[in-house]
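**Student:** prediction below, plus the sequence it came from.
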Amino acid sequence: MMQSAVDKAAALVEAHEYIRRFEGKTIVVKVGGSIMDEPENLKSVIADICFMDAVGMRPVVVHGGGKSITQAMQQAGLQAQFVQGQRYTDERTLAIAEHVLVNEVNKTLVDWINALEHKGMGLHSLGSCVVFGKRLFLPAQDDPKRKLDIGFVGEVESVNASLIKALIEADYIPVIAPIAGDSAGGKLNVNADIVAGHVAAALKAEKLVLVSDTHGIRTGRGADSLASSLTKHQIQALVEQGIITAGMLPKVEASFIALAGGVAKTHIVDGGIPHAALLEVYTNEGIGTEIVL
């Protein structure tokens, strides 16, 4: 009992240094992966974000919801199709994605933040949209000069950082859904990791934390190959070697976007580990992988 109390006190002392260092700093937290389907883990992440807010950091949330979109499509009799890892998005798929991301996921996260007596504010395509983009066309693998049309899928062109900063100054926690507006007044489905990278860059955030269902980046096949810190150059080598693949690629790209925009560090952590985001930000050892230039 006594040792437990001593350990808690030591943790608070260790965290104190980081709390002072990051007071008033903006941190962008992207939540996604399978934890979006695990309410207890997701609530724990939201509680951690509210703790950051309570001790003086200025958190901004970007969320995904891919698995929930796939489930909603199946219920509507639609089969999800992916092209080079991107969800093919026709008008019906876009309508389902928007409904799930805005009316279900975004609303739920804002409600949870408010229930913890903090002020959440949803920013999305059915209200105040802060992410804007254009249609994304993918290069054909057999002929890079030929472009593949994957529907209403977008790439980010700009972020309304002024609105997000105004909400932060008013003590709100902005919660951003990854549906972008385009120049013609239409809407585009955008990868949430990439949105988070652009939001962090636009805000010149101190950190970008990508909370998902992976411990971080591994440098090999073994269980002991988890890297605590990697540079952009090291990550590029791992991509070329085929060690970093699939769902980790957007997280890596998001990290590069953020770092290029002036973000000091990015972090990839497992939301299934209790308080993973806090452990990564507020302790010496961390718990996931940090990425630096």
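**Tutor:** Cool, got the structure.
**Student:** next, count neighbours for residue 20.
**Tutor:** 10 (other C-beta atoms under 10 Å). Glycine gets a C-beta too; all of them are placed from N, C-alpha and C.
**Student:** host element of it?
**Tutor:** Element membership of residue 20 [criterion: DSSP states H and E] is helix 2-22.
**Student:** what residues does the helix or strand just after that helix touch?
**Tutor:** The first helix or strand that comes after helix 2-22 along the chain, using DSSP H and E, is strand 26-31. Outside strand 26-31, the residues that touch it by C-beta atoms under 8 Å, 6 or more residues apart in numbering are 42, 45, 49, 52, 57-64, 109, 168, 192-193, 195-196, 199-200, 203-212, 254, 258, 271, 277, 281.
**Student:** pLDDT (mean, whole number) over strand 26-31?
**Tutor:** In this model, strand 26-31 has an average pLDDT of 97.
**Student:** list the buried residues of the helix or strand following that strand.
**Tutor:** The helix or strand immediately downstream of strand 26-31 is helix 39-54, counting by DSSP H and E. In terms of neighbour count (16 or more other C-beta atoms under 10 Å), helix 39-54 has its buried residues at 41-53.
**Student:** can you pick out the most distant pair from these?
**Tutor:** The largest separation in the buried residues of helix 39-54, counting by C-beta to C-beta, is between 41 and 53 at 19.3 Å.
**Student:** sorry, back to before: make JSON lines out of the buried residues of helix 39-54 and add pLDDT.
**Tutor:** Listed next are these as JSON lines, based on pLDDT from 0 to 100:
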{"residue": "41", "pLDDT": "90"}
{"residue": "42", "pLDDT": "92"}
{"residue": "43", "pLDDT": "94"}
{"residue": "44", "pLDDT": "93"}
{"residue": "45", "pLDDT": "94"}
{"residue": "46", "pLDDT": "96"}
{"residue": "47", "pLDDT": "95"}
{"residue": "48", "pLDDT": "94"}
{"residue": "49", "pLDDT": "96"}
{"residue": "50", "pLDDT": "97"}
{"residue": "51", "pLDDT": "94"}
{"residue": "52", "pLDDT": "95"}
{"residue": "53", "pLDDT": "97"}
